[in-house]
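**Q** Got a sequence here, can you model it:
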Amino acid sequence: MLSKRIHGMDALRAIAMLLGIVLHAAIPYRIFTNANWPSDPAFQTIGFDALYIWIHSFRMQLFFLVAGFFARLLYLKIGQEKFIQHRLKRILLPFVVSIIVIIPLSLAPLLYYKFMFLQELSAYEAVLQTFSAIKQWNGLVHLWFLYYLMMFYGCMLTLQIVIPAELRSSILSKLTVLANLTNPLVFVGVAFFLYFILQINNLILIEPHTGLRPAIGQFVYYGIFFLVGYLLHTKSQVIEQFKRYSVLFFLTGGILVIPFTYLYFIVSTTDASPQTYWVARAIGVCQTLLLVGGSLGGFVRFFSSENKTIRYISDAAYWLYLAHFPIVTCMEVALLSSSVYGWLRFWVVLIITSIVTLLTYHYIVRYTIIGTVLHGKRIRENQEEILKASTAN
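**A** Next up, the predicted model:
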């Protein structure tokens, strides 16, 4: 039973990453585009704002919840020393290499857009300014989640070391109730805490912070989901409750996107009253928890069987997310001056990015040392068949 749940949650983690590609592909076509991001006036519609808000309201929350679940699973399976080695290899090493290679490539199109389209420099001057600016520190871009993930692992390991085993067991037994978001009292309690974090940070939707100095509000906010995932592993039978209510949770959360998007527009375009902010936050946190719970239950319910295609996508997702950003932003900037019709631009960005990242994964990453670092060694099917045949003989 547990292995089936793991298949579903692994697929869920992959989808949470891949939704990030959709999210980034949609940004230029929002009415309220993100700061320092290409804005495409040829085609902007509220539909992409709703898509962005829907994905952004639960994607990273879901990722950190699943990360917390697998953190405890892996820790208990291989022990503290091997856990640290495993996380250094799978998280820290790709993070460091990506800072050197992927982040400069990711920033180049954004900086070029700034100098060429916003400051209206010549193409030559824009390129020169881009090369100059790219040498400076400009933040972690889309890799901030790895930074936070390492900090959560650090907190987890510190507590494992500092707190005596007996006391730790006692605390966990009391906290496991927080894993069951299908319990109305737990749901309201967690929702209130998330509301409080948004309130003190004057936000209605949590936004990524890409600086090296962690944003306390964001750290605590995502830390709650990591903790819930960690606790979920201690009481994995609760997942059956999520399965039971998955459709109800997901549909209700999806419906709440409509009033939340409406309130998001009011807050963004008018001098909204404090009451509007209160209502927006309340709807927002409920939407987040419902979509997280619905997605979790749905994937464990419908994707728990071993499937080669799902397994391949799960393996590829990490690379696709790491590598997609430079392609997405480059395509978005290139299409600003193109004759490609409006809404097709989003699909062109998404399709080309998907093709390029999948091809590079299959031919450059999957069976090489890069793939071994990201997800472990993979053997080509023909080699696997030969290996099985030789073993059988």
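**Q** Within the helices and strands, which one has Y112?
**A** Taking DSSP states H and E as the criterion, Y112 maps to helix 102-113.
**Q** C-terminal to that helix, what's the next element?
**A** Assigned by DSSP H and E, the successor of helix 102-113 is helix 123-133.
**Q** gap between the residue nearest the centre of the chain and N307?
**A** By CA atoms, centre = their mean, the chain has its centre lying nearest to M60, at 3.8 Å. Counting by CB to CB, to the nearest Å, the gap from M60 to N307 is 25 Å. Glycine gets a C-beta too; all of them are placed from N, C-alpha and C.
**Q** same check, this time on L335
**A** Distance from L335 to N307, by CB to CB: 35 Å.
**Q** With T368 instead?
**A** T368 is 24 Å from N307, by CB to CB.
**Q** for stretch 144-160, which positions count as buried?
**A** 144-149, 152-153, 156-157 (16 or more other CB atoms under 10 Å).
**Q** same thing with stretch 173-191?
**A** Quick answer for stretch 173-191 (16+ other CB under 10 Å): 176, 178-182, 186-187, 190-191.
**Q** Tabulate those residues in a markdown table, adding columns for pLDDT.
**A** Shown next, in a markdown table, are the buried residues of stretch 173-191 (pLDDT from 0 to 100):
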| residue | pLDDT |
| --- | --- |
| T176 | 91 |
| L178 | 90 |
| A179 | 91 |
| N180 | 91 |
| L181 | 92 |
| T182 | 92 |
| V186 | 95 |
| F187 | 96 |
| V190 | 96 |
| A191 | 97 |
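**Q** can I get the residues you listed in TSV with secondary structure and distance to I102?
**A** As requested, the buried residues of stretch 173-191 are exported to TSV (DSSP: H, G, I helix; E, B strand; the rest coil; distance: CB to CB, whole Å):
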residue	secondary structure	distance to I102
T176	helix	38
L178	helix	35
A179	helix	34
N180	coil	38
L181	coil	34
T182	coil	39
V186	helix	39
F187	helix	38
V190	helix	34
A191	helix	36
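**Q** Which of those residues sits closest to Y230?
**A** A179 (8.6 Å; CB to CB).
**Q** what sits against the closest one?
**A** Going by CB atoms under 8 Å, 6 or more residues apart in numbering, A179 touches 228, 231-232, 234-235, 238.
**Q** for the stretch 201-350 of the chain, what spans make up the helices?
**A** 216-234, 239-244, 246-269, 274-302, 308-335, 344-360 (DSSP state H, counting those that start in this stretch).
**Q** how about TSV for these, with mean neighbour count, mean pLDDT and distance to L118 added?
**A** Compiled in TSV, these are given as follows (neighbours: other CB atoms under 10 Å; pLDDT from 0 to 100; distance: least, CB to CB, whole Å):
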stretch	mean neighbour count	mean pLDDT	distance to L118
helix 216-234	21	95	27
helix 239-244	19	88	45
helix 246-269	17	93	20
helix 274-302	21	93	30
helix 308-335	21	94	12
helix 344-360	17	96	19
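**Q** next one: phi and psi at L212?
**A** Backbone torsions for L212, taken as degrees, to the nearest 10, come to phi -80, psi -30.
**Q** isn't it right next to L140, touching?
**A** Yes: counting by CB atoms under 8 Å, L140 is a contact partner of L212 at 7.4 Å.
**Q** Pretty sure P28 sits against E332.
**A** Yes: if you go by CB under 8 Å, P28 and E332 touch, sitting 5.0 Å apart.
**Q** For the two, list the residues in contact with both.
**A** Counting by CB under 8 Å, 6+ apart, the shared contacts of P28 and E332 are 38, 40, 345.
**Q** show me what contacts E332?
**A** So E332 contacts 25, 27-28, 38, 40, 109, 345, 349 (CB under 8 Å, 6+ apart).
**Q** run the last query once more with 10 Å
**A** By CB atoms under 10 Å, 6 or more residues apart in numbering, the contact set of E332 is 24-25, 27-29, 37-40, 109-110, 113, 345-346, 348-349, 353.
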